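Peer 1: could you work out the structure for the sequence below:
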Amino acid sequence: MKKRVTKAIFPVAGMGTRFLPATKSVPKEIMTLVDRPLIQYAIDEARAAGIKEFIFVTSRGKSALEDYFDNAPELENTLRKKGKTELLEELKNTNMDSGAIAYIRQHKALGLGHAVWCARRLVHNEPFAVILPDDVIAAEKPCLQQMVEAHEETGGCMVAAMEVPEDKASAYGVIDIKEDMGSCVSVKGLVEKPPADEAPSNLAVIGRYILTPKVMQNLNKIKTGSGGEIQLTDAIDAELREGRDVFGYRFRGQRFDCGSKAGFLQATVAFGLARNDLHVEFDSYLRELMSMRQAAQ
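Peer 2: Coordinates of the predicted model:
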């Protein structure tokens, strides 16, 4: 009987240097997309997928991230007295039960694989998810929920995947496809950031993973790889070399790279337009802005 995926690791130790000076005092994961921080989108997605235990791999300067998920009694009381019940419900969604979140420090920035490995003692002998909050995915059914449902059929390791332009493949981990079964592909190999002309496909790995505990053992053995870091891709690739199954899952949805300024702005526009309370005013403004730009040309 396959074990259910109930634990998720959130690697949030990065310094967010691409968003300086904002990230000098505010963790990147707390930066707001419309009116919710990036980390809230990741938590909501994990909850929808049935995740019960949340493991944050952090670093110095992330105390605001920890405070975000704590109760705020004074604020809650103020909202209650003023009868602002809708805001109070929104606020309650940010609270986490005692013991639901664990915080682990990554003392050296040695890559994603190392960040995941830092949580090894909390995973034990269970499959687990990894969610990268930088990758925000707009989907009717949350991406990780799609993957968990598919994983119940396949077992093994599973990575979220999407097609990217061939000239962009060198920015991703890329799947070498063994068998294409539609939404799922059987993986023959994984290559981390290959030169564009050497990429085995244009099917790229995106920041959602469901992994077996064996991957933690693989990370124990791996030396630094691409970029002088310990790559999670290499630990998953080791599963293939040992004859175990790895699958890529073509999720249904749109991914935004909120680790980049352009991606963050694109996500802000898309999520803003999707909001019933903002759509009319925001859409009108964007149309007016584009008309002015076209007229100026």
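Peer 1: rest of the way, CA atoms for contacts and neighbours
Peer 2: Fine.
Peer 1: what's the separation between residue 156 and residue 126?
Peer 2: Residue 156 sits 12 Å away from residue 126, going by CA to CA, to the nearest Å.
Peer 1: list residues touching both of the two?
Peer 2: residue 212 (CA atoms under 8 Å, 6 or more residues apart in numbering).
Peer 1: next up, the contacts around residue 132.
Peer 2: The contact partners of residue 132, by CA under 8 Å, 6+ apart, come to 10-12, 42, 207-208.
Peer 1: quick check: phi and psi at it.
Peer 2: phi -100, psi 110 (degrees, to the nearest 10).
Peer 1: do the same with residue 230
Peer 2: Dihedral angles of residue 230 (phi, psi; degrees, to the nearest 10) stand at phi -90, psi 110.
Peer 1: that one - how many residues pack around it?
Peer 2: As a burial measure, residue 230 scores 24 neighbours (other CA atoms under 10 Å).
Peer 1: what's the answer for the one 10 residues further on, then?
Peer 2: Residues lying near residue 240 (other CA under 10 Å) number 16.
Peer 1: mind checking which of the contacts of residue 132 are in strands?
Peer 2: Mapping the contacts of residue 132 onto strands (DSSP state E) picks out 10-11, 207-208.
Peer 1: turn the residues you listed into CSV, including distance to residue 235.
Peer 2: Shown next, in CSV, are these (distance: CA to CA, whole Å):
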residue, distance to residue 235
10, 17
11, 16
207, 15
208, 15
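Peer 1: so which of the residues you listed is the closest to residue 257?
Peer 2: Of all the ones in strands among the contacts of residue 132, residue 257 sits closest to residue 207, with 9.7 Å by CA to CA.
Peer 1: report pLDDT for the closest one.
Peer 2: For residue 207, the model assigns a pLDDT of 93.
Peer 1: the one 10 residues further on too?
Peer 2: We note a pLDDT of 89 for residue 217 in this prediction.
Peer 1: secondary structure class for it?
Peer 2: Under the three-state scheme (DSSP: H, G, I helix; E, B strand; the rest coil), residue 217 adopts helix.
Peer 1: returning to what we had before: could the contacts of residue 132 go into JSON lines alongside distance to residue 216?
Peer 2: What follows is these, written out as JSON lines (distance: CA to CA, whole Å):
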{"residue": "10", "distance to residue 216": "15"}
{"residue": "11", "distance to residue 216": "15"}
{"residue": "12", "distance to residue 216": "18"}
{"residue": "42", "distance to residue 216": "22"}
{"residue": "207", "distance to residue 216": "17"}
{"residue": "208", "distance to residue 216": "16"}
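Peer 1: ranges for the helices of the protein?
Peer 2: Assigned by DSSP state H, the chain shows helices spanning 38-48, 63-68, 73-81, 85-92, 112-117, 120-123, 143-154, 214-221, 232-241, 261-274, 279-296.
Peer 1: most packed of the ones you listed?
Peer 2: Using mean count of other CA atoms under 10 Å, the stretch among these with the largest mean neighbour count is helix 112-117, at a mean of 23.
Peer 1: for that one, give me every contacting residue.
Peer 2: If you take CA under 8 Å, 6+ apart as the criterion, helix 112-117 is touched by 9, 11, 13, 57, 106, 130, 216, 219-220, 229-233, 235.
Peer 1: only alpha carbons, please: show that helix as CSV.
Peer 2: Backbone C-alpha positions of helix 112-117 (Å, rounded to 0.1, in the frame of the first residue of the first chain) are rendered in CSV as follows:
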residue,chain,number,x,y,z
LEU,A,112,18.5,23.2,-3.6
GLY,A,113,19.6,19.6,-3.0
HIS,A,114,21.4,20.6,0.2
ALA,A,115,18.3,22.6,1.4
VAL,A,116,16.1,19.6,0.9
TRP,A,117,18.7,17.4,2.6
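Peer 1: let me see the mean pLDDT of it.
Peer 2: 91.
Peer 1: what's opposite residue 208 in the beta bridge?
Peer 2: On DSSP bridges, the residues paired with residue 208 through beta bridges are residue 131.
Peer 1: show me the contacts for it.
Peer 2: When contacts are counted by CA under 8 Å, 6+ apart, residue 208 touches 129-132, 143-144, 159-160.
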